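[1] Give me coordinates for this.
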Amino acid sequence: MTTIRLTMAQALLQFLNNQYIEIDGVEHKCFKGVMGIFGHGNVTGLGQALEQYKDEIHFIQGKNEQGMAHAAIAYAKQKNRLEMFACTSSIGPGALNMVTAAGVATVNRIPLLLLPGDIFASRQPDPVLQQVEYPMDYTMTANDAFKPVSKYWDRINRPEQLMTAAINAMRVLTDPAETGAVTLCLPQDVQCEAYDYPESFLAKRVHHLDRKPVATAALSRVTELLRGKKRPLLIAGGGVHYSLATEEVKQFAEEFNIPVVETQAGKSAISWKHPLGFGGVGVTGTFPANRLAAEADVIIAVGTRLQDFSTASKTAFRNPDVEFININVSQLDAYKMDGASLVADAKEAITALSVALKQAGGYTTAYTAEELGALKQEWDAEVDRLYSIEAEQGLAQTRVLGEINGFIGERDVIVCAAGSMPGDLHRVWRVTQPKTYHLEYGFSCMGYEVSGAFGVSLAEPDRVVYALVGDGSYLMLHSELVTSLQEGSKMTVLLLDNHGFQCIHNLQRGHGSEGFGNEFRSRAEATNQLSGGFMPIDFAAHARSMGAKAYTVHTVAELQEALAKAKQETVTTLIDIKVLPGTNTDGYDSWWHVGVAAVAESDKVNRSYEQLQSKLRTAKPY
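    Got it, this is the predicted structure:
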C-alpha cells in the first residue's frame, strides 16, 4: 500500500478536493472551495494547509462565521445540492457562530460541511483560550452544541480517524434524503499531527446519486388511489428542483389537467403564466391555491416536508374525503399527514405515475378550463391591484415589490428569508423560470438574506442577484456584503425599511395585543417604554461606509431611477427603500396556529384565544 505523509489538515483538504458527485451521467466537482475565518484553533493547522494548497483550493475569507456558512448554504441550494463550500472556524465563539447556520442547513435539507476548530485532544495546555470547561464531562466542548442540528457529527481525536470520518461525512452530504449539516470537529493539535495516509484515500472518489426507483407495489397502490379521485391538487416542494424534475411535473399536470401549487422552496417549479400554476399554498398562499386545497379530494405532495405554513397548520385541506399521496426520497416526509407514501426520487416517481395512469386506462379530473381560468383571472387582478396601490403617506410594500418585479429580468434571482416579505413574495411575486426564486423558509433565519445573495452570486455569476431584506434582518447580519465586494461578486441589496420587526408586530396585534417591543423606536422618557419616535437610520450611508454603492428611495420615481442605476453599477449596491409599516399582504383563506394566552387582562386577547380553540377543532390531528 502506497502512502503519503501529511498532516491531518492537509489530508482533509486533499480528500475534499478530490470528491465528485455524479447524476444522470454528469460529474460535478463537489467542493468549490473553503470559506473560513482563522483563529488560534485553526490557523496553524487548517490555515497552514489552505496556504500550502492555495493554488488548488479556492479560499474565501468570511467576515462572520454564521454569515459565511449561510453563503455556503445558498451556494449549495442554488446548485441543487451538487456543489458546495466547506466552512472552517476557530474554537469557542467562532465555532458557535455556525450553529444557527447548521440548523438552517439541516432543516432545509441542504449539504453543509462545517470544520470548527476544537480544544487540544492531548489536553496538555488545558484550559486553552475560549475553552468551555464542563466539569461533569471533560470530553464535552462548545462543539457538542452542533449535535442537535447536524445530520452527522464527529470529533477527530487521532489523525487516522479522519479516514472513516471523512467518508461518513460524504455519505451524508450526498444523500438526498439524509443530507444537512455535517460537523467534523478538529482539535487544534490533531490538525497539525502527521500520518502516513494511503494514496487510495486521497484519490478521486465519485459519489453516484442513483435515482431512487419506484417500488412496484407502492406505485400500484398510489395509482389506484388517484384514479378514484376527481379533484387532485399537486404541491410542488423543493425536492422538485433538487431532483431536476420541473419539466416532468409540468408535463404531468398538463397530461392529466391537475392544478399545481407551490411551497416556498418549490416556487418557480412552474411559471405564473401557466394556466395550471396557482402560486403559493397555505398560510402565505394565494386564494385560488387555498380554495383548490380546501376542495381537493387528494393532495399529491411532491418533494415537500409539509411544514405548517404549507398546510395552514393542517387546516388547508377541508374536504372530508381528502387523502394524501406523498412522493419523497425521505421516508420521514413520505409518511406525513397519514398519506400513501411513494418513497422515491421525484423525477422517477412522477414519470412512473404518469405511465401507470395511462396504462390503467387513462385519467381525467373534474376541473374545467373555465373554472380554473376564472380563479386565475381573479388572482391576477388582485396582484395587479396590490402592485399598483397608491399610499398618501409613502410607499406601500406591495407597490415596491411590484415595481421591482416589473423591472428585473426573467433570469434574475431574488433571495429572501424572513419577515413580512416572504409572505408577500410567495403570494404575489411572478416568476417564469426555475431557480429564480431563492427563499430560505425552512428555518426562516433572519440575517440569511445578504449572505445568501452573496452565495447565489458565487453560484450564478452570469445572473443578476437581488437580496430582498427588511431593516430588522439587515441589522442582524450584513457582514458578507463586504465579502461580496472583496470577491467581486456583485449583488443588489433591496432593503425595505419599515422601522422594525413589523411582521411580528402584525402577528402580535392580530392576536389581541396593542403592539409591544417590535418597532425601532426610541425610549420615551415619560413612560420609560420604547414608544418614542422611529430611530433615524441611514442604511445607504452605512453601505457606502463599507465600499458599496448606495441610494435612498422615498417615492416610486426614485425607486425606478435607483433600480436602473444599480443595474449599471459594477459593485455591490444597496437601495434603502423607505416603506410604510403594515402595507404587506395577509389572509387569503389561510390560518396559522400560534399560541395565544389562555388568560389575559385584555378582552382582545381573550377573544383571540376563543377563536383559536374554535379553529383547532378543524385541524387534522396528525
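
[2] domain assignment for this structure?
    Domain segmentation of the chain under automatic domain parsing yields 3-208, 216-374, 388-499+535-578.

[3] Just send those domains back as a markdown table, with distance to N528, mean pLDDT and mean neighbour count too.
    Using the backbone N, CA and C atoms, a C-beta is placed for each residue, glycine as well. Below are these laid out as a markdown table (distance: least, CB to CB, whole Å; pLDDT from 0 to 100; neighbours: other CB atoms under 10 Å):
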| stretch | distance to N528 | mean pLDDT | mean neighbour count |
| --- | --- | --- | --- |
| domain 3-208 | 32 | 97 | 20 |
| domain 216-374 | 36 | 97 | 21 |
| domain 388-499+535-578 | 17 | 97 | 21 |
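
[4] right, so of these, which gets closest to V594?
    With respect to V594, and counting by CB to CB, the nearest of those is domain 216-374 at 8.6 Å.

[5] which stretch among the domains of the chain comes nearest H511?
    So among the domains of the chain, domain 216-374 is nearest, using CB to CB, at 13.8 Å.

[6] Report the separation between the two terminal residues of the closest one.
    Terminal residues of domain 216-374 lie 39 Å apart, using CA to CA, to the nearest Å.

[7] what do you get for stretch 518-536?
    End to end - CA to CA - stretch 518-536 spans 16 Å.

[8] Buried ones in it, by neighbour count?
    Using 16 or more other CB atoms under 10 Å as the test for burial, stretch 518-536 gives 518-521, 530.

[9] Closest one of those residues to T573?
    Closest to T573, out of all of the buried residues of stretch 518-536 and judged by CB to CB, is F520, at 23.5 Å.

[10] Enumerate every residue touching that closest one.
    F520 makes contact with 471-472, 499-500, 534-535, 537 under the criterion CB atoms under 8 Å, 6 or more residues apart in numbering.

[11] and the gap between the residue nearest to A619 when sequence neighbours are not counted and A340?
    In this structure, A619 finds its nearest non-sequential neighbour in K314, 4.4 Å apart by CB to CB, 6 or more residues apart in numbering. K314 sits 17 Å away from A340, going by CB to CB, to the nearest Å.

[12] I270 versus A245, what's the distance?
    Distance of A245 to I270, computed by CB to CB: 11 Å.

[13] oh sorry, the question was meant for A203
    Going from A203 to I270 by CB to CB gives 42 Å.

[14] What of Y588?
    From Y588 to I270 the distance is 19 Å (CB to CB).

[15] what does Q529 give?
    48 Å.

[16] and if you look at P198?
    For P198, the distance to I270 (CB to CB) stands at 49 Å.

[17] just D586 next, same as before
    Going from D586 to I270 by CB to CB gives 25 Å.

[18] what do you get for E178?
    28 Å.

[19] re the thing from before, can I get the buried residues of stretch 518-536 in a markdown table with pLDDT and secondary structure?
    Formatted as a markdown table, the buried residues of stretch 518-536 follow (pLDDT from 0 to 100; DSSP: H, G, I helix; E, B strand; the rest coil):
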| residue | pLDDT | secondary structure |
| --- | --- | --- |
| N518 | 86 | coil |
| E519 | 88 | strand |
| F520 | 90 | coil |
| R521 | 91 | strand |
| L530 | 91 | coil |
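
[20] any idea which of the residues you listed is the one closest to R544?
    Using CB to CB, those come closest to R544 at F520, 20.7 Å.

[21] give me phi/psi at the closest one?
    The phi/psi pair for F520 (degrees, to the nearest 10) reads phi -90, psi 80.

[22] Next one, pLDDT for P621 please.
    pLDDT recorded at P621 is 66.

[23] wait, isn't S473 in contact with A453?
    No - with contact defined as CB atoms under 8 Å, S473 does not reach A453; the gap is 11.7 Å.

[24] Centre-most residue in the chain?
    Note on the chain: the residue nearest the mean C-alpha position is E440, at 2.2 Å, using CA atoms, centre = their mean.

[25] Pull up the gap between the nearest residue to that one once chain neighbours are set aside and K77, please.
    The shortest distance from E440 to any non-neighbouring residue, by CB to CB, 6+ apart, is to A417 (4.2 Å). For A417, the distance to K77 (CB to CB) stands at 11 Å.

[26] Which residues are in contact with each of those two?
    Overlap of the contact sets of A417 and K77 (by CB under 8 Å, 6+ apart) consists of E440.

[27] ranges for the strands of the stretch 151-300 of the chain?
    All strands of the stretch 151-300 of the chain, identified by DSSP state E, counting those that start in this stretch, fall at 152-155, 181-187, 194-198, 205-208, 232-236, 260-262, 277-280, 298-302.

[28] for the longest one, packing partners?
    If contacts are counted by 3 or more CB pairs under 8 Å, 6 or more residues apart in numbering; DSSP states H and E, strand 181-187 sits against helix 8-16, helix 99-108, strand 112-118, strand 152-155, helix 162-173.

[29] possible to save those as JSON lines with distance to L234?
    JSON lines is the format used below for the helices and strands packed on strand 181-187 (distance: least, CB to CB, whole Å):
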{"stretch": "helix 8-16", "distance to L234": "38"}
{"stretch": "helix 99-108", "distance to L234": "21"}
{"stretch": "strand 112-118", "distance to L234": "29"}
{"stretch": "strand 152-155", "distance to L234": "33"}
{"stretch": "helix 162-173", "distance to L234": "29"}
